[in-house]
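[1] fold the following, please.
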Amino acid sequence: MVRMDRPFVEKNRRELERLRKLVDRLDEEGLQARVNEQWTVAAVLGHMAFYDARARDLAERLANGEEFSPADAEPEDVDWINDAMRPLLHAIPLRSSAEIALRTAEETDARVASLGPETQAKLWPADPASPLNPSRADHRGEHLDEIERALGI
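    You can find the predicted model right below:
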């Protein structure tokens, strides 16, 4: 049996719990608060959900035996994607953004944790060209840090 090093599972769990606690305590005022001049807390949560959903869908494809293609690669500069989605994310009802972010994080973490050892070589960083980084904690934690700073918590 191939040994699978999976430190991402515990890291994801910690950041998921952190997200859960944040979502539970956020009220409408907190969700409307500005993280910076372009993003509200709710929109940042929606942004997190978007990228978690991308990872979940890539993991699902891998679990179904599908291979990644060059079209699956994330562009080096994703600013245009974030800029294009920002108005849409700000249009989502505030509480819905928080609930979607939490639900998508739960689904994504469960899906990447369920990947078997046969997929390890197809995940980043084992495969530097892989579009699937199973560690959702890094991206999630970065944005949770921003939100907590903006809210002073």
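[2] need the contact list for the residue nearest to the spatial centre of the chain.
    For the chain, the residue nearest the mean C-alpha position is D52 (3.1 Å; C-alpha atoms, centre = their mean). The neighbourhood of D52, defined by C-beta atoms under 8 Å, 6 or more residues apart in numbering, consists of 101, 104-105, 107-108, 136, 139-140. C-beta here means a position set from N, CA and C on the backbone, and glycine is covered the same way.
[3] just to check, L115 is in contact with L123?
    Yes. Taking contacts as C-beta atoms under 8 Å, L115 lies within contact range of L123: 7.4 Å.
[4] which one of the two is surrounded by more residues?
    L123 (22 against 19; other C-beta atoms under 10 Å).
[5] hmm, back to that, the contacts of D52: which two are farthest apart?
    Using C-beta to C-beta, these span at most 15.4 Å, a distance reached by E107 and H139.
[6] helices - which of the contacts of D52 land there?
    101, 104-105, 107-108, 139-140 (DSSP state H).
[7] show me which of those residues is closest to A73.
    Distance to A73 across these (C-beta to C-beta) is lowest for H139, with 16.5 Å.
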